[in-house]
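[1] Give me coordinates for this.
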Amino acid sequence: MNSRDRIRIAMALDEPDRVPVFCQLAIGHYFLHASSPPFDIWYRSDAFADALVELQRRYRYDGILVNLPGRDPDFERNVVRIEERPHEMVVWWKSGGRTRMPSDDNPHYLEPGGTRAVPRLADVDPELLWYVEPWDLRGITYPHIRGFDVEPPPLDDFFPPYHLDTIAAVQQKTAGEVSIHAEVFSPFSQFLELLDYQYALLALLEDPSKVHACLERLTAGAIDLACRQAAVGVDAVLISSAFAGGGFISREHYREFVLPYERRLIDQVKSRHPDVTLYTHTCGAIGDRLELMLETGTQGIDTLDPPPLGTVALEEAVPVLEGRAFIKGNIDPVNTLLHGDATRSARLCGTGCAWHSLAAAIS
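    Numbering: from 1, shown residues only. Sure, this is the predicted structure:
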């Protein structure tokens, strides 16, 4: 049984030959430990694909999550200069902006004034929304442009051909032996990224009708992207819903602003691509909303953080999820790394993955 089969069986709620192991490493980890330089990993689709496959083989994971979009192969036409500094690199662009690239963390694009341009909700026209990509070369812009294009792309052709290049490269390099997963941001996550978190959360209270109008459009864009990913043969699509936990919103707001849009996303993608698996990533405190998450139609939940990092006790989650969704995770990587040793880490892996689950390995 190869790694791809192992995860496919686990996601189908059956029992593979062993518990699969699958970890989403931080971008900074690739910068520090992959063979390619950070600049290439961030800006070149092939280099990021090389890094994904290199560390998957080094750590013997069963799956790879491709969590950055493919890059414009001609992006360097927009570069003015590259400045090396202690512990970081700064890329200066013809736009007048710059990208700060730490040696061990995600790069961030800054506008000429040194900040990110954040629109106000009052200035956002929902009809101009489609998909918010936080890791575009230029970060988040409104109205949305691709990289350093001058004009927004047409909504019926929003994603450029190179958007899926990294997925294609990883598929070619792994030759069907490894489970390949893509990622879309949930409509709610996109909304928070667009307005910045504090302003987006205030909008839920101040103008919920406009929030719903925005979420409607962002759902359509997420469906568009997920269907494109499914069409090129990924094994699963992870819906990144990191802000849907209790640390951000209540159960009531989850029911109103998250559940219906993720349900529509999952229903639409499954209706067009029934063979692809869709599952949900949510950080932290979700112990009080597992039943609501299942109402979206999700086929699995990641990461089910246990206390003290989150609020999910595995012995309580299994009766809720068993036979309905797979479990990916339930390991506290922070405290395991800080206070654990190799023996304790192995024991935690075994305990956290007892029920036909996908294990989130420590990173």
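[2] In three-state terms, label residue 192 for me.
    Three-state assignment for residue 192 (DSSP: H, G, I helix; E, B strand; the rest coil): helix.
[3] And it, how close does it get to residue 198?
    For residue 192, the distance to residue 198 equals 9 Å [CB to CB, to the nearest Å]. For glycine as for every other residue, the C-beta is placed from the backbone atoms N, C-alpha and C.
[4] Could you do residue 293 as well?
    Distance of residue 293 to residue 198, given as CB to CB: 24 Å.
[5] Looking at residue 192 and residue 198 now, which is surrounded by more residues?
    Ranked by neighbour count (other CB atoms under 10 Å), residue 192 and residue 198 place residue 192 first, with 24 against 9.
[6] Surely the more buried one is in contact with residue 199?
    No. Residue 192 is beyond contact range of residue 199, at 9.0 Å (criterion: CB atoms under 8 Å).
[7] List of residues touching stretch 75-83?
    By CB atoms under 8 Å, 6 or more residues apart in numbering, the residues outside stretch 75-83 that reach it are 39, 43, 89-95, 137, 147-148.
[8] Narrow those to those that are buried.
    Among the contacts of stretch 75-83, those buried by neighbour count (16 or more other CB atoms under 10 Å) are 39, 43, 89, 91, 93, 137, 147-148.
[9] Can you flag which of those residues belong to strands?
    If you go by DSSP state E, the buried ones among the contacts of stretch 75-83 have 89, 91, 93 in strands.
[10] Could you export those to TSV, including columns for distance to residue 114?
    TSV is the format used below for those (distance: CB to CB, whole Å):
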residue	distance to residue 114
89	17
91	15
93	13
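[11] With pLDDT added, can I get the residues you listed in TSV?
    Putting those into TSV (pLDDT from 0 to 100) gives the following:
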residue	pLDDT
89	97
91	98
93	97
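[12] which of those lies closest to residue 210?
    Distance to residue 210, by CB to CB, is smallest for residue 93 among those, at 32.3 Å.
[13] Would you format the contacts of stretch 75-83 as JSON lines with distance to residue 300 included?
    Listed next are those as JSON lines, based on distance: CB to CB, whole Å:
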{"residue": "39", "distance to residue 300": "34"}
{"residue": "43", "distance to residue 300": "32"}
{"residue": "89", "distance to residue 300": "37"}
{"residue": "90", "distance to residue 300": "40"}
{"residue": "91", "distance to residue 300": "37"}
{"residue": "92", "distance to residue 300": "42"}
{"residue": "93", "distance to residue 300": "39"}
{"residue": "94", "distance to residue 300": "43"}
{"residue": "95", "distance to residue 300": "40"}
{"residue": "137", "distance to residue 300": "31"}
{"residue": "147", "distance to residue 300": "33"}
{"residue": "148", "distance to residue 300": "37"}
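[14] Now do stretch 66-81: distance to the chain's middle.
    19 Å (CA atoms, centre = their mean, to the nearest Å).
[15] For that stretch, buried residues please.
    Neighbour-count burial for stretch 66-81, counted by 16+ other CB under 10 Å, picks out 66-72, 75, 78.
[16] between the residues you listed, which is nearest residue 213?
    Closest to residue 213, out of all of these and judged by CB to CB, is residue 69, at 25.4 Å.
[17] ok, that closest one - contacts?
    By CB under 8 Å, 6+ apart, the contact set of residue 69 is 133, 135-136, 163, 166.
[18] what would those look like in a markdown table with secondary structure and distance to residue 203?
    Converted to a markdown table, the contacts of residue 69 look like this (DSSP: H, G, I helix; E, B strand; the rest coil; distance: CB to CB, whole Å):
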| residue | secondary structure | distance to residue 203 |
| --- | --- | --- |
| 133 | coil | 20 |
| 135 | coil | 23 |
| 136 | coil | 22 |
| 163 | helix | 28 |
| 166 | helix | 33 |
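[19] okay but residue 193 is in contact with residue 134, surely?
    Yes. Using CB under 8 Å, residue 193 is in contact with residue 134, at 4.8 Å.
[20] neighbour-wise, which of the two wins?
    Taking neighbours as other CB under 10 Å, residue 193 and residue 134 compare with residue 193 leading, 20 against 16.
[21] For residue 136, see how far away that one is.
    Per CB to CB, residue 193 is found 11 Å from residue 136.
[22] Over to residue 280?
    Applying CB to CB to residue 280 and residue 136 gives a distance of 23 Å.
[23] And the two? Which one has more around it.
    Counting neighbours by other CB under 10 Å for residue 280 and for residue 136 shows that residue 280 has the greater number, 26 against 20.
[24] I appreciate the help and will end here.
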